[in-house]
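> Build me a model from this:
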Amino acid sequence: MAAAGAAALVQYVVLRGDLTRPPLSWPLGAVVAQGCHAALAAAHAHRQHPDTRAYLELGGAMRTVVLEAPHEAALTELSETLKQHSVDHEVWTEQPDNMTTCLALRPYPKDQVHQYLKKLKLLK
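Numbering: from 1, shown residues only. Model prediction:
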C-alpha cells in the first residue's frame, strides 16, 4: 500500500535550464525527450515500489512537476543531496555525448521530498 493516498503522489523531473540557452541551444523537443527518458527510467527502476505502482494506476490523473536546475553542477549537487537522504531517483545522461541532462525521482508523496526541491523553479 502506498505511504500516502494515491492522489497525493507526484513525480518530479528536474531538467537543466541551460540546455535551451546559448551556447548549447537545444531544441525544445530534445529537452522534453530528456525529461521523458528520465521519468520512464525512474518509474521502471522503481516499478515494484508501492508508490510507483499506485502512481501508474492513476493513468490520466498522474501528477508530474517539471523543475529547472540552472546548470549541470546544480543537477549533480541535487543528485548527491538526494542520495544522502536515500531519495530514489535516476539521473539521465545523454549518449554518445555523455552529458548529464536531467534527473527524475520515482513517484513520492510530495511532503516526503519537497524539502529537497523547494529552491528550484518550475521549468520555463
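> can you give me the helices in the chain?
For the chain, applying DSSP state H gives helices covering 28-45, 50-57, 72-84, 110-117.
> The first one packs against which elements?
Helix 28-45 makes packing contacts with strand 9-16, helix 50-57, strand 89-94, strand 99-105 when contacts are defined by 3 or more C-beta pairs under 8 Å, 6 or more residues apart in numbering; DSSP states H and E. Glycine gets a C-beta too; all of them are placed from N, C-alpha and C.
> Pull out the buried positions in the last one.
Okay, so that is strand 99-105. 100-105 (16 or more other C-beta atoms under 10 Å).
> Which member of those residues is positioned nearest His44?
The shortest approach to His44 among the buried residues of strand 99-105 belongs to Ala104, at 10.6 Å (C-beta to C-beta).
> low-confidence ranges in the protein?
1-7 (pLDDT under 70).
> Roughly how far does the residue lying farthest from the centre of it sit from Leu78?
If you look at how far each residue of the chain sits from its centre, by C-alpha atoms, centre = their mean, the farthest one is Pro23, at 23.8 Å. Going from Pro23 to Leu78 by C-beta to C-beta, to the nearest Å gives 23 Å.
> thinking Thr52 is in contact with Arg106, fair?
Yes: Thr52 lies in contact with Arg106 (C-beta atoms under 8 Å); the separation is 5.2 Å.
> Need the residues touching each of these two.
43, 46 (C-beta atoms under 8 Å, 6 or more residues apart in numbering).
> returning to that earlier point: output the helices of the chain in JSON lines; the columns should cover mean neighbour count and distance to Val10.
Converted to JSON lines, the helices of the chain look like this (neighbours: other C-beta atoms under 10 Å; distance: least, C-beta to C-beta, whole Å):
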{"stretch": "helix 28-45", "mean neighbour count": "17", "distance to Val10": "12"}
{"stretch": "helix 50-57", "mean neighbour count": "18", "distance to Val10": "8"}
{"stretch": "helix 72-84", "mean neighbour count": "15", "distance to Val10": "15"}
{"stretch": "helix 110-117", "mean neighbour count": "15", "distance to Val10": "5"}
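> Any idea which of those helices gets closest to Val65?
Between those, helix 110-117 lies closest to Val65; by C-beta to C-beta that is 8.1 Å.
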